[in-house]
Every structure is written in structure tokens, then in C-alpha cells.
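A.B. asks: Turn this into a model:
(chains A, B, C and D)
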Number of protein chains: 2
Amino acid sequence: MAARLKDIADDLGLSVVTVSKVLRNHPDIGEATRKRVQKRMRELNYQPNFAARSLVTGRTWTLGLVVPDLLHPFFAEIAKAISTETRKHGYSLLISSSDEDPELEIEEIKQLLARRVDVILVASAQSSVECFRLIEEQKTPYILLDRRFDDLDANFVGVDDASVGMLATSHLYEQGCRRIAHIRGPNVSTAIGRLEGYTRALASHNLNPLPGHVVSLGSSGDQRGEKGGYEAAKQLLAAEARPDGIFCFNDPSALGAMRAILEAGLRIPEDMAVVGCGNFSYSDFLRVPLSSVDQGSETIGKRAADLALKIARKKTPTKPKTEYISSRLVVRASSRRAPDPSSDDS
Amino acid sequence: MAARLKDIADDLGLSVVTVSKVLRNHPDIGEATRKRVQKRMRELNYQPNFAARSLVTGRTWTLGLVVPDLLHPFFAEIAKAISTETRKHGYSLLISSSDEDPELEIEEIKQLLARRVDVILVASAQSSVECFRLIEEQKTPYILLDRRFDDLDANFVGVDDASVGMLATSHLYEQGCRRIAHIRGPNVSTAIGRLEGYTRALASHNLNPLPGHVVSLGSSGDQRGEKGGYEAAKQLLAAEARPDGIFCFNDPSALGAMRAILEAGLRIPEDMAVVGCGNFSYSDFLRVPLSSVDQGSETIGKRAADLALKIARKKTPTKPKTEYISSRLVVRASSRRAPDPSSDDS
DNA sequence: GTAATTAAAGTAAACGGTGACTTTCTGCGA
DNA sequence: TCGCAGAAAGTCACCGTTTACTTTAATTAC
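C.D. replies: Predicted structure coming up:
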């Protein structure tokens, strides 16, 4: 049906190889022949067959991306940025959602391996590194996004979560909060790092988390954490020393937390300030606009894509590279207690 | 590197074809042989080479999806639902964003055609149908999502936009609004259908749109329409007969509109009620929780996936099928003026 | 006891490209 | 005049499967 190199070759009385060389801009082709071939290619709207090409070259010009949840704006943004960047270079992107389920994630990764994608990018929900040994076995290069593993020497692109935690917590301190609580996320590097940053920031002001002031999102069935945040905040509201500021693992959990706080009849930020993480697009439109740490998801995506392309082009394995993207705090009403006209760039 | 059929065949003293038959559960294989082969496959963690298989079968077990914007929750949800559904059947999904740009969309589609995906699913930003002739030429089946074309007899899965418009507009009328305005979207079927529904609903109450009460989102650079909605609402606020209700093309534009209304010092819904479209996940957390028409994006995705799989399995072209997904209105504070305890299911 | 049938394997030829080598021809310097 | 270099093309084998057809041996029918 679709035109093949052979059709063009026959039409023009050339060999298939010659046509193939034109296709790939091989030097040893005469100018006249090149033009003739290109003309015919256009006429027939020729599209090379990727399957055939992959079979012989061993490369697919396809990257695989696995994220925990495509609906989560943070990951959606990363996916979009990667897609935009790789497209320019002729690479396509196989995307799948793991639903934050390690088992499902392994299935997805296996599928990508079977399809011999050139590079796998994964924001992983694993708690162990076992699964990555599987990838390494197949000699497929991979890049970790956002979430890293201490005992895994792999490519990584994301933020330094300890800084994120410190940024948010210090800000709350500067706004006058002295009983700062933390709603922590699941047992992945991001949550651990942010918790650590939170603790360090408190320590730097000679404070410690008060009893019951670190609560976990839990896995209350919701993917992103609105519900988890809501319930966690309820716990915090019932704590013996009620917090006056909360640093939330991510924006969805902050939304849930804010809902709980408002329902309890408290004011944000006067009674309780809230800071989230992710700086999702709708922060400005919320009941109380949400202060949030921007992790530069678009930059993460772009850098990850660049790295992936670089790796894909090399045939030899490269030394794992870690790229930290800088994060910044975007202050909005949910945490602005001290008058400070400077830092609002919503 | 990776194991091939040949490796297994050599190990077991069989021919490649026999092993291939086991792989595909071909009947004429002895039970003993089948077991031996399967055992060896597991040991070697054998994964069939999709490129080789595609080359000979002409099928890729890959679907292509093009959406205007992966960040838009409506499309993200569709993408996720399609991915979830197709994964179960061993199909993978190539996803790309067209950025609402018809030219870019054509590029993406060409890329998918070159990769010989089995079915293309597209929420199109085209204004003409030309591009689809291209797809038809390659004999690749395709499905339109959400946006349709009157002069194109193609598979379609989405809502009936006229009903959407009527649903929203009638609701505003029932809430006591008599000067109902509409912020319409770009020149695609969804916007046209919703506008028509809006007009029809007004007509059914013997009303007509007042002068200046239908304004366009415009293409103010933002993808989804927050900014466009903001500016459109400003125009409406300046109209000679100020509206008391606005039906917005989608949720992002409704967000923008609400911002403009609140900035003008008006109350929602008392002075101006607002209804959006899409029922995105964060509606409940907004300054004023947003009433919105739920288009069942998850259902759209699921149905589209089912249809795509059905088409992919047939070798012969099938008659185009249109599936309308039913929409429903979710009433929240932004439009609740008459006391009505029944219809809140947020 | 022989022919027809069936089960369980194997053979050979694609599928549409690419990579490594080889051939052919022309022009040029010694 | 010969040899050689370089440009421009062509040959051949292979990538890992599947498909259609053939072979072999065992089983059944008569």
C-alpha cells in the first residue's frame, strides 16, 4: 500500500540502496540523482517504515515515559515538555500511567522494554530498586524523574527535595509561624527529602517538630492527595498544640488541607498558613490562593528530554548524570502574613 | 543481547517456527514441546521483537493519540483513560500535544502515520478536513475525539455539544438569570455546538442573546483560556446591559471570567452566575466552587479505546461509528441562586 | 495391508530497510 | 601509457518474525 524504497528505485531505474542513501543524506550520491529521488519521494508521499529500520539498526527513535498519574498537573507538565522537546528531533513518546502502583509500573516498564524504546524515563513509584536491575539487564538506558533512589547510580533529573522543604518551612517561619506542621507524602524520595528539609529548617531556628505535627497523607484511595490532605489536616487540627502553619507535600494535599481548615472555621493564613508544592496552574483561582514551591516541572521535562536524546544518540553507555533543577517559592495569600510586597509573582 | 526465537530454538534443538508457534499459542504443537519452550522463554525472559513482528504482520500494536494540550485536565483525563484501557490488551499509546496548532497537529499525525500506528485518535484543532484525507489515503483508521466535522464521515466519540449548551443555559435561566451571556470558544465543533445550544435554550424561553452578549475567547496566547476568559468577561462587564449569568466555553475560561467578576467587586452568583464546562477536578476548591457541565471525559476515553481496539482487530475497514456520551450538569455555588438542595453532587 | 487422515514438526520466502564491500567509470599525475 | 584516486553507483547479507506450504511419522479406516 504505502510506498517503499523499492517502488521509488524501480520507477527511477536505481537500486534500493541508492534511494536509501538519498533518504539518509549519504554523501556519495550525485546531485542529479539526489534531486530525482527526492522529487519522487515527495510525489509518492514516501514515509520510511520504522519497523524495518528499527529491525536492522536496533534503534526505535521512540522514548518511553512512565508517570504515576497523567492527571496530576506536575507530571502532565513534565510529559508535555518532554514530548515537545523530543518531537523536534524526530523521536516519539510512549506514555503510560502507573497509577502509583509499583506492580503496574513494572508491567509498563516491561512493555517498554519489549518495544525496545531507546530510553526509558520514569517517575517511579517503586520502593525497591529491583525493577531497575531488570532494565539494566536489557541494557536499556533509563532516567529517573523527580524521584530518586539512594542506592541506585542512575541518571536523575529533578529538584533537591531537601531544599524544597527548607524553602517552604523557612518561609513559614519568616511569616511568623512557630508551630509549623508537615503533611508528608508516601515513602518515596521526594517525601523523604521534603521531610528532611522541613526538619532541618526547623532545627536551624532551634525548633523541633511538635508531637503529632508530622502526619502522613496515607493512601486514602485518591491518587493525588486531596482527600489525604483533608484527613491529615483534620488530625493536625485536633493536635494538642494546634499548628499555625502547614507545609504540605504537594498542591493537591494542600487543597485538601485548606478545605479542612476553612471548614473548621479558621482563617488562612491568619490562623493557619499553608504552603504547597508543585505550583500548579490553578493556584491563583483558589478560595485562598495557594503559596507553593515551584519545582520547575517544565524545566525538568526539558532537561530530561535533552539528556534522553543525548543518551539515545550514543551507542556506548554513558556515566549516570544527576541534574538538579532549582526550585523557587511563589508566595500567595495562603501564607502571606507579614506585609511583604516584593515576593508575589503569581 | 536480548534473547531471540533462534536462541531458544537452538537450545532446544527445535526450529524457529516451532518456537514462534508456541509463542502465539498455535494449535499444532505437542504438549511436551510447548512446555519445554515456555520454560526456556521464562528462563531467558524472552520478549518478542515488536519491530520484526510489525514488519511482517503490518501491525504495530500501538495506537496514536493527538490532543490539543496534555495539561488541560479534560484531555489529560481522556488520555489516561485510553491508556488504562488499551494497556490491558497489550497495546501501547504514542501521545503527542498539538498545542492547539493545526500545522503542528498535521506534523504529529504524519509522524504517527510514518510509524504505522494501528489507529489514530485525535482531538483535532483543524478547521478543515483536508488533513484527514491524508490519513484516509494511508488507509489508517482514525477516531475523532470531542471535536467533530460535519462534512467528515468519521468515527467520533464525544458529547453532543448542543445539549451541553442547552443544559448550562437552561440551568442559568432556572436560577433566575434573564440576561445570560456566553463566552464562546475557538472555531471548532465544540464551541459551535455549545453556542447553538445556548441560543436554542434562550429561544425556548423566548429570549435572544442581547447585543454584545456573545464574546469570543480569542487566542490571547494562553492554551486553555484563563486569560481569554478574563478578558472576555471584562468585555461583558462593560456591555450596556450587564449580564446576570455567563455560560463559559470551558472551565479554564470560567476561572478567568470569575476572576474578572470578583475583581470588579461583584458577587458570584448573586450578581452574576457562572457555569463552566468540563467539571475539572479542582472545581470544589475554587474561590467560588464552579458549576460545570461534566462531559464524562473518562467515559469518552474508555469508549474511544474500546472502539479503537475493535477497529484495530479487524483487518477490513469498518463503517464509521458515532458515539455520543451523555453529559450532566454539576451544580455548585457559582450558579446556585434559587435554593435547591437536590442537585449538588460535588 | 494399504490408503487416507491427522498431529507435529520443519523449510523457504518474505517484510522493508541498512551496513559493509565491491564495481564501474572518469579524470589526472607521473 | 599506465596506475591510482575518488565519485557514484550497485551487490549481498542480514535484522527477528510470521505465513504458507511441505515433510515426516503415527493413527485410523476399510
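
A.B. asks: give me every residue that touches A:Arg4.
C.D. replies: Residues in contact with A:Arg4 (C-beta atoms under 8 Å, 6 or more residues apart in numbering or on different chains) are A:Asn49. The way it works is simple: take the backbone N, C-alpha and C, and place the C-beta from them, glycine included.

A.B. asks: I'd like the distance between it and A:Ala273.
C.D. replies: 65 Å (C-beta to C-beta, to the nearest Å).

A.B. asks: A:Cys277 versus the nearest residue to A:Gln175 once chain neighbours are set aside, what's the distance?
C.D. replies: Leaving out its chain neighbours, the residue that sits closest to A:Gln175 by C-beta to C-beta, 6 or more residues apart in numbering or on different chains is A:Arg337, at 4.3 Å. Look at A:Arg337 and A:Cys277: by C-beta to C-beta, they are 19 Å apart.

A.B. asks: Looking at the two, which has the bigger crowd around it?
C.D. replies: A:Cys277 (31 against 17; other C-beta atoms under 10 Å in any protein chain shown).

A.B. asks: hang on, isn't that one packed against A:Thr169?
C.D. replies: No. Counting by C-beta atoms under 8 Å, A:Cys277 stays clear of A:Thr169, with 11.3 Å between them.

A.B. asks: tell me, what's touching those two both at once?
C.D. replies: A:Phe247.

A.B. asks: surely the residue nearest to A:Gln175 meets A:Ile268?
C.D. replies: No. Counting by C-beta under 8 Å, A:Ile268 is not a contact partner of A:Arg337; they are 10.0 Å apart.

A.B. asks: Helix, strand, or coil at the closest residue to A:Val22 other than its chain neighbours?
C.D. replies: Take A:Val22 and drop its neighbours on the chain: the residue closest to it by C-beta to C-beta, 6+ apart is A:Val37, 4.2 Å away. Recorded secondary structure, A:Val37: helix (DSSP: H, G, I helix; E, B strand; the rest coil).

A.B. asks: got the contact list for A:Val37?
C.D. replies: Counting by C-beta under 8 Å, 6+ apart, A:Val37 makes contact with A:8, A:12, A:14, A:18-19, A:22-23, A:29.

A.B. asks: which among these are in contact with DNA strand D?
C.D. replies: Contacts with DNA strand D are made by A:14, A:18, A:29 out of these, judged by C-beta under 7 Å from any atom of the strand.

A.B. asks: Narrow these to those in helices?
C.D. replies: Taking DSSP state H, the ones among the ones next to DNA strand D among the contacts of A:Val37 that sit in helices are A:Thr18.

A.B. asks: Need the ones next to DNA strand D among the contacts of A:Val37 in JSON lines (columns: neighbour count and distance to B:Ser283).
C.D. replies: As requested, the ones next to DNA strand D among the contacts of A:Val37 are exported to JSON lines (neighbours: other C-beta atoms under 10 Å in any protein chain shown; distance: C-beta to C-beta, whole Å):
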{"residue": "A:Leu14", "neighbour count": "19", "distance to B:Ser283": "62"}
{"residue": "A:Thr18", "neighbour count": "20", "distance to B:Ser283": "61"}
{"residue": "A:Ile29", "neighbour count": "17", "distance to B:Ser283": "60"}
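
A.B. asks: Out of the ones next to DNA strand D among the contacts of A:Val37, which comes closest to DNA strand C?
C.D. replies: The closest of the ones next to DNA strand D among the contacts of A:Val37 to DNA strand C turns out to be A:Thr18 (C-beta to the nearest atom of the strand; 9.4 Å).

A.B. asks: Test my guess that that closest one contacts A:Thr33.
C.D. replies: Yes. Assessed by C-beta under 8 Å, A:Thr18 is found in contact with A:Thr33 at 6.8 Å.

A.B. asks: thinking again about what came up before, tell me which of the ones next to DNA strand D among the contacts of A:Val37 is nearest to A:Val159?
C.D. replies: The closest of these to A:Val159 turns out to be A:Ile29 (C-beta to C-beta; 48.4 Å).
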